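> just to be clear, the model below is a prediction. Sequence and coordinates:
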Amino acid sequence: MRRATLGAWLSSPTRLREDAAAESDLVRGGYRDRLFTELIQNASDAAAQAGTPGRVRVRLAERTLAIANTGVPVTAAGVQSMLALRASSKTDLPHGDRPGGEVGRFGVGFTSVLSVADDVEVRSTSGSVAFSAERTRAALAADGVEDPGEIAVLRLAWPIAAPPPDGFETEIVLRLRDDVDTDALLAAITRDAPDLLLELPSVASIDVAGDVVRRDERERGAVTEIAVGDQRWWQVRAPHARWLIPVRGETPRSVGDDVLRAPTASDEALSLPARIVADVAMAPDRRRVAADADVPRLAAGYADVVSALPPEHRARLVPAPGFPRSEVDAVLREALVRELAERPWVPTVAEDGVAGGDVPGSRARVFGGLTDELAAIVGGVVGDLAVPALSGSRETALLLAAGAARLDLAGLAELLEGVGRPPAWWGRLYDALAPFVVDSVAAEELATLPVPLSDGRRVTGPRTVVSGDADDLAGVTGVTWARLAHPDADRPLLARLGARRASAVDLLDDPALRALIDDAADDLLDADETAAVTEAVMALAARVPVGAAPVWLGGLLLPDSDGDEVPADQLLVPSTPLAGLLIEDAPFRIVADDAVARWGEHALRVVGVGDGFAVPTVDPADADELGLDEFEVWSAARDVVPEQVTVVRDLDLVDPDRWREALTVLAADPAVAPLLADRDGYTAWWLRGNVVLAGRPIAVLRAPGDPTFAGLLDAVEHPAASALTGLLAGARVESPVLARRLVAALGERDRAVAPDVVARAHGALARAVADGTVEVPDIEPPEQVRGISGAVVAAEDALVLDAGWYAHVVDPDRLVVGDLATAEALADLLDLPTASSRIDASVLGAGERVRLGDDAAAVTAFAAAGAVVPDATVTLHDRLRVRVGSAVTGEYDVPWWVDPDGTLHCVRGAISPTVVAGARR
């Protein structure tokens, strides 16, 4: 072959130049940086043909690079391929069908050795040859050919005797040119070794200067796990490619920027999530795909590749949206996305969160951020829903790129319309949806979310629903007058979505319920409807305090002991103490025993059934509905009537002879006791005006130990006297009844009354007249009155003290004393004259008129009292004597006196702030 080639060159110098140029183009062009790749490919072919795992050893010594491999030795055909620029010993086999997975195609790849060496040896157990630029030039010179400058080194070969090293069938020995950086060359080989082990599965290990990198495989179902050095990869085969995914731990990672490998690295830039080792036609230099290459077919089976991964990692293999890195990248990405859109690979959820089947991307629905809890609930009603592991923000974007449809909150709410599930299922759904409602926009998307009601219906939209407190309304069903969420479905989310929060009290105070109760009373509801309303109301009543429900709830029809339907507020529980306290024609019946057993006395009391006196809180405008006796009189007398009034009902139905027992019942009721103590409230006011104990109105009795009117009013005798203070006489005269009793008692001689009590009683009576509580015509003028001494005298002998100085001349037995400021009102009430109107008086002697500030005794008296000396004058006397006439006659020595013109007279040394104040009345 060498002689034939030399002969051709000699006969055609043009051929020599063409061969040299072609070889140079290959070295500087397509194979410029593929030295190790091309040699490893040859080693891979040798190992594949031998059917054993290939080993490659790389050694560098004294600028000689030796690359040895196992497998079949070099054949004569192989040497011919090296000598022929366009021939290959493997071109007779179609690509992809070569024995053992051979990957070489053109012998020209061997020209890559010339990128580093001009002296090359191929040593094999079948024979060895050498290629040498120097020997080629010498051969040309021997034949008389002028040195052409550039020659084809690999066109001439010489046999040599050097064998490969022991344990290897072939060794390529390269004597490196001086311009080759040996460190960089060895580093590049070390760097490329792991990738080549992935690309060329027939090679099991590569030993670079003693550092061995091995390829180990183990099968894991549809996945082959490949370990190369410290790297691990998952490999899945498709019809026209192998796909490799890097793995860290048990988590696959995306490859990112890479190149097409066919099987070794090309220059076709890719941006796929997995590495592809493809069976595709390549250009002769193996850097680009062939012009007629069928790139889209490489996507075949990619959905199966993705499905081989655990469900939570599958989205990683979806090409992320972005700009392609090459034309091949664009075509392949499009084909892969189409494959993922049309073939199943997306894992879905089914009922209770169990795994459903895989669906194509175009059928899948993805709910961003889907949780395990929500998936377990809606998996059975939302078809083709991607599993939670594929619902993160990154995974969602990838699934959408593969044709999936985004399912948002609004879409989910729409899909749930018409879904039949028990209320507890809906409750779990709301809990699972709650974390997704992060703002008003999310809440608006769920505006049409179905809600099951307590009466069995299901409505659209939480805004039309009433939501109750879970503890307050637990177990309550059958509320037909309001759209009450079923307790098993009621969750905080409903309130966040616009449901109106309502307590049991709110539901009982609903005008719609009032209308139903009125309809039932008017026989406008059938028996079943009435019973349903009653059951719902009683269930709610069991959850609220007595007195919290509206008073009109007393119209609810309940069975009495005779089986008749009677308004609740006309019923009493069987154990009520009121049974023997009311008048015979009181409109009350006893509630049926089975009603007590079914609903309990508490619920019955809430709706108005009495076990004692009812204590409702009402709007004064609704008082007529309760039939509160004289309520309008009480409210008219108030300057301000509260917006809500708590009262005791039906007091006017108490048997007048049973008030002693009735008061015991009232005082023992914790709800009533505060009302008994509230003197200004309706209840205490009514009782003061109507209760008679032992023949006397309770308003004219005093509390034991109360000194206000001691001796005049009798103390109440009752075991609950301490609780009845608001019903008894107080410090004020609050009614004509008490005024009459006091006037009468003041004239009763057999009563021993202290002077301070007498004055206090007279003052209270006068104030009652002054403020209009008592009208003078309401009181019969007494025939006898009580003086300040405590003595009882005939009215015609008495005088009302209206100026303090008259007390010096009027007998205390005759002097009626109260408050000087209201003396005129007292005189009118008792039909008595005042002292000033019936006594004429004059001061005897002139005295000395002085300024108070000039009198040492006066200044001392004011200082001792802590008072300021006024700028006033006083007439001082050594002895002050006055002469009086008319109702009282005679001359009297007095400590001080005031003339009709206002002049103050005083005995020397007797002046004081009290005297000065008394003189100014």
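It's in.
> what packs against the helix or strand where Ala536 lies?
When elements are defined using DSSP states H and E, Ala536 is found to belong to helix 527-541. For helix 527-541, the helices and strands in contact under the criterion 3 or more Cβ pairs under 8 Å, 6 or more residues apart in numbering; DSSP states H and E are helix 504-508, helix 511-521, strand 557-559, helix 593-606. In short, each C-beta sits where N, CA and C put it, glycine included.
> could I get the CA-only coordinates of that helix as PDB?
Once non-C-alpha atoms are left out, helix 527-541 reads as follows in PDB (Å, rounded to 0.1, in the frame of the first residue of the first chain):
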ATOM      1  CA  ALA A 527     -97.400  20.200  61.400                       C
ATOM      2  CA  ASP A 528     -94.000  19.000  60.000                       C
ATOM      3  CA  GLU A 529     -92.900  22.600  59.300                       C
ATOM      4  CA  THR A 530     -93.900  23.700  62.800                       C
ATOM      5  CA  ALA A 531     -92.100  20.800  64.400                       C
ATOM      6  CA  ALA A 532     -88.900  21.500  62.400                       C
ATOM      7  CA  VAL A 533     -88.900  25.100  63.500                       C
ATOM      8  CA  THR A 534     -89.500  24.100  67.100                       C
ATOM      9  CA  GLU A 535     -86.600  21.500  67.000                       C
ATOM     10  CA  ALA A 536     -84.200  24.000  65.600                       C
ATOM     11  CA  VAL A 537     -85.200  26.800  68.000                       C
ATOM     12  CA  MET A 538     -84.800  24.500  71.000                       C
ATOM     13  CA  ALA A 539     -81.400  23.300  69.800                       C
ATOM     14  CA  LEU A 540     -80.300  26.900  69.700                       C
ATOM     15  CA  ALA A 541     -81.900  27.800  73.000                       C
END
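> got the angle for it vs helix 511-521?
Angle of helix 527-541 versus helix 511-521, following axes from the mean of the first three to the mean of the last three Cα atoms, to 10 degrees, is 140 degrees.
> helix 527-541 to helix 593-606, inter-axis angle?
Angular relation of helix 527-541 and helix 593-606 on a 0 to 180 degree scale: 50 degrees, by the same axes, to 10 degrees.
> buried stuff in helix 527-541?
Of the residues in helix 527-541, those buried under the neighbour-count criterion (16 or more other Cβ atoms under 10 Å) are 530, 532-541.
> dump these into TSV; add distance to Leu412 as well.
Listed next are the buried residues of helix 527-541 as TSV, based on distance: Cβ to Cβ, whole Å:
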residue	distance to Leu412
Thr530	40
Ala532	34
Val533	36
Thr534	39
Glu535	35
Ala536	32
Val537	36
Met538	38
Ala539	33
Leu540	33
Ala541	38
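> got the helices and strands packed on helix 527-541 as CSV, with mean pLDDT, mean neighbour count and distance to Ala142 columns?
Putting these into CSV (pLDDT from 0 to 100; neighbours: other Cβ atoms under 10 Å; distance: least, Cβ to Cβ, whole Å) gives the following:
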stretch, mean pLDDT, mean neighbour count, distance to Ala142
helix 504-508, 92, 21, 117
helix 511-521, 94, 17, 120
strand 557-559, 95, 20, 133
helix 593-606, 94, 18, 126
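> of the ones you listed, which is nearest His240?
helix 504-508 (69.7 Å; Cβ to Cβ).
> and that closest one, what does it pack onto?
Helix 504-508 makes packing contacts with strand 466-468, helix 527-541 when contacts are defined by 3+ Cβ pairs under 8 Å, 6+ apart.
> what comes into contact with it?
Under the criterion Cβ atoms under 8 Å, 6 or more residues apart in numbering, residues 466, 468, 472-473, 476, 479, 482, 484, 513, 537, 540-541, 543-544, 548-550, 553 lie in contact with helix 504-508.
> what sits up against the helix ranked longest in the chain?
Determined from DSSP state H, the single longest helix within the chain is helix 182-199. The contact list for helix 182-199, computed with Cβ under 8 Å, 6+ apart, reads 35-37, 40, 58, 60, 63, 65, 116, 176, 203-206, 208-209, 211, 213-215, 226, 228-229, 231, 233, 244, 261, 263-265, 275, 277.
> can you flag which of these belong to helices?
Mapping the contacts of helix 182-199 onto helices (DSSP H) picks out 35-37, 40.
> who wins for most neighbours among those?
Ranked by neighbour count (other Cβ atoms under 10 Å), the ones in helices among the contacts of helix 182-199 have Ile40 at the top, with 28 neighbours.
> can you pull the pLDDT of that one?
At Ile40 the predicted local confidence, pLDDT, stands at 95.
> quick one, phi/psi of the residue nearest to Leu801 when sequence neighbours are not counted?
In space, and not counting its chain neighbours, Leu801 is closest to Val817: 4.8 Å by Cβ to Cβ, 6 or more residues apart in numbering. The phi/psi pair for Val817 (degrees, to the nearest 10) reads phi -120, psi 130.
> you'd agree Val817 is up against His762?
Yes: contact status for Val817 versus His762: in contact at 6.3 Å, counting by Cβ atoms under 8 Å.
> host element of Glu824?
Secondary structure (DSSP H and E) places Glu824 in helix 823-830.
> chain center to the host helix or strand of Trp897, what's the gap?
Using DSSP H and E, Trp897 sits within strand 896-898. A distance of 82 Å separates the centroid of the chain from that of strand 896-898, by Cα atoms, centre = their mean, to the nearest Å.
> going forward can the numbers begin at 110, since that is how I track them
Got it, the first residue is 110 from now on, which makes the last one we talked about strand 1005-1007.
> partner strands of it and their direction?
Next to strand 1005-1007 in the sheet, as set by DSSP bridges, lie strand 1013-1016 (antiparallel).
> contacts for the helix or strand just after the strand it pairs with, please.
Scanning forward in sequence from strand 1013-1016, with DSSP H and E defining helices and strands, the next element found is helix 1022-1028. When contacts are taken as Cβ under 8 Å, 6+ apart, the neighbours of helix 1022-1028 outside the stretch itself are 913-914, 961, 970-971, 974, 976, 979, 981, 983, 1004-1005, 1007, 1011, 1013, 1015.
> how far is helix 1022-1028 from where the chain is centred?
Put simply, helix 1022-1028 sits 73 Å off its chain's centre (Cα atoms, centre = their mean).
> mind listing what's buried along that helix?
Judged by neighbour count using 16+ other Cβ under 10 Å, the buried positions of helix 1022-1028 are 1022, 1024-1025, 1027-1028.
> which strand or helix spans Arg788?
Using DSSP H and E, Arg788 falls outside every helix and strand.
> and it, its phi and psi?
Torsion angles at Arg788 (phi, psi; degrees, to the nearest 10) stand at phi -60, psi -30.
> then Asp467?
Per-residue torsions, Asp467: phi -80, psi 140 (degrees, to the nearest 10).
> my read: it touches Val458, true?
No: the pair Asp467 and Val458 does not pass the contact test of Cβ under 8 Å, sitting 11.8 Å apart.
> okay, now Ala266: neighbour count?
Neighbour count for Ala266, taken as other Cβ under 10 Å: 24.
> tell me how the protein divides into domains.
The chain is divided into the following domains under automatic domain parsing: 111-322, 330-451, 626-715, 949-1030.
> and the second one, how far apart are its ends?
Think domain 330-451. For domain 330-451, the separation between the terminal residues is 24 Å (Cα to Cα, to the nearest Å).
> same question for stretch 715-724.
One end of stretch 715-724 sits 10 Å from the other (Cα to Cα).
> ok, stretch 336-356 next?
In terms of Cα to Cα, the two terminal residues of stretch 336-356 are separated by 10 Å.
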